[in-house]
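Engineer: sequence and computational prediction follow.
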Amino acid sequence: MDDTARPPVRLQAISSKPLSLKDTQVHVDGFLSDLNSRNAFVKGLDSTTTSQLEKLSMALREERARERKESLLSFVPRDVKVPAIPQPQQC
C-alpha cells in the first residue's frame, strides 16, 4: 500500500478550558508572530494559514472592542430624564 493513501491523523481533545477574548487574542497573536518570524525567509510559502489567523485576530479585536463599548453603555441609566437647560431670557 502506498504511504500517500493514508488519511491524515485525527486529533481529539481530552479536555478543554474556556479562554477570554483577550487571552485568546494574545495566544493567536503570539503564535502568528512566531509563525511569521520562522517563515520570514521561506519563499513561495502558502499564506492561507497566516491569512486566516490574521482574520481571526482582527475579528477577536473587533469583538473585544464591541464588548467594551457595550459594557460601558450598560452603566448609563436609560430611564433617567435629564432636565433641560434653561435658556437665557432676553430683556
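Structural biologist: Sure, I can see it.

Engineer: if we ignore the residues flanking it in sequence, what's nearest the residue nearest the centre of the chain?
Structural biologist: Residue closest to the average C-alpha location in the chain (C-alpha atoms, centre = their mean): Leu60, at 1.1 Å. Nearest non-adjacent residue to Leu60, counting by C-beta to C-beta, 6 or more residues apart in numbering: Gln25, 4.2 Å away. The C-beta positions use only the backbone N, C-alpha and C, and glycine is treated the same way.

Engineer: packing partners of the lengthiest helix in the chain?
Structural biologist: Criterion DSSP state H: the longest helix present in the chain is helix 48-73. Applying 3 or more C-beta pairs under 8 Å, 6 or more residues apart in numbering; DSSP states H and E, one finds that helix 48-73 contacts helix 21-38.

Engineer: need the mean per-residue confidence for the helix it packs on.
Structural biologist: Across helix 21-38, the average pLDDT comes to 90.

Engineer: and it, which residues are buried?
Structural biologist: 21, 24-25, 28-29, 32 (16 or more other C-beta atoms under 10 Å).
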